[in-house]
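> give the three-dimensional model of this entry:
(2 chains)
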Number of protein chains: 2
Amino acid sequence: MIITADIIGYIAASLTTASFLPQAILTLKTRDTAALSLSMYSLFTLGVLCWLLYGIYLSNKVIIYSNAITLVLAASILTCKIYNILSKKE
Amino acid sequence: MIITADIIGYIAASLTTASFLPQAILTLKTRDTAALSLSMYSLFTLGVLCWLLYGIYLSNKVIIYSNAITLVLAASILTCKIYNILSKKE
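Predicted coordinates:
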């Protein structure tokens, strides 16, 4: 089997997208966001939104789907972090 | 100024790369990794490594540089998390 750039790209996209699922589950379960950086999740969520626009711009389904999923997961973690800060839990 | 796909791509790459810097700084400063998911950082670091290979495969400098930086940052966070687990701090 010849490993082409596309296959490496699909594996990379799947891993980086899937990786936010365990963090989102841990955060939603424990509501503990003390060790999570607000700046990180703000910048990252904005960045993933840009990747989504980039994918739409190029009509590239892999970029659209992987970043749409990551956007939902990252935004849920960011929401928990902001909620904890606003409700003075941090 | 015409916003082209490339410009959106550069902005997206900069944001998602830069986003790991505040998290790495926070983690290295506080050594608190309780709220960080080991699965996330393991999968994410592996995924970023694949993106780096993908960039090298395509000789795409933006993909190479952004993922090389993210790899260093994500790996440093992952190392802190593993250290805390092995030294029974978690």
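> helices and strands around the longest helix belonging to chain A, which ones?
Taking DSSP state H as the criterion, chain A has its longest helix at helix A:61-86. Packed against helix A:61-86 by the contact rule (3 or more Cβ pairs under 8 Å, 6 or more residues apart in numbering or on different chains; DSSP states H and E) you find helix A:5-18, helix A:20-30, helix A:38-58. The way it works is simple: take the backbone N, C-alpha and C, and place the C-beta from them, glycine included.
> relative to helix A:5-18, how tilted is the longest one?
For the pair helix A:38-58 and helix A:5-18, the angle between their directions (axes from the mean of the first three to the mean of the last three Cα atoms, to 10 degrees) equals 140 degrees.
> so helix A:38-58 versus helix A:61-86, what angle?
150 degrees.
> and residue A:75, how far from residue A:67?
Note on residue A:75: its distance to residue A:67, by Cβ to Cβ, to the nearest Å, is 12 Å.
> any idea of the mean pLDDT for the longest helix of chain A?
For helix A:61-86, mean pLDDT rounds to 95.
> which of the residues in that helix are buried?
Judged by neighbour count using 16 or more other Cβ atoms under 10 Å in any protein chain shown, the buried positions of helix A:61-86 are A:63-64, A:66-71, A:73-78, A:80-81, A:84.
> again with stretch A:47-61
A:47, A:48, A:49, A:50, A:51, A:52, A:53, A:54, A:55, A:57.
> the spatially most central residue of chain A: what's it in contact with?
Centrality entry for chain A: nearest residue to the mean C-alpha point is residue A:70, 3.3 Å, by Cα atoms, centre = their mean. The neighbours of residue A:70, taking Cβ atoms under 8 Å, 6 or more residues apart in numbering or on different chains as the test, are A:16, A:17, A:20, A:48, A:51.
> likewise for residue A:16?
So residue A:16 contacts A:66, A:70, B:43, B:44, B:47, B:48, B:51 (Cβ under 8 Å, 6+ apart).
> in this structure the fifth one contacts residue A:10, no?
No: shown here, residue B:47 and residue A:10 do not form a contact pair, counting by Cβ atoms under 8 Å, at 11.0 Å.
> nearest spatial neighbour of residue A:76, skipping sequence neighbours?
Sequence neighbours aside, residue A:24 is the residue nearest to residue A:76 in space, at 5.2 Å (criterion: Cβ to Cβ, 6 or more residues apart in numbering or on different chains).
> how about residue A:50?
residue B:12 (3.5 Å).
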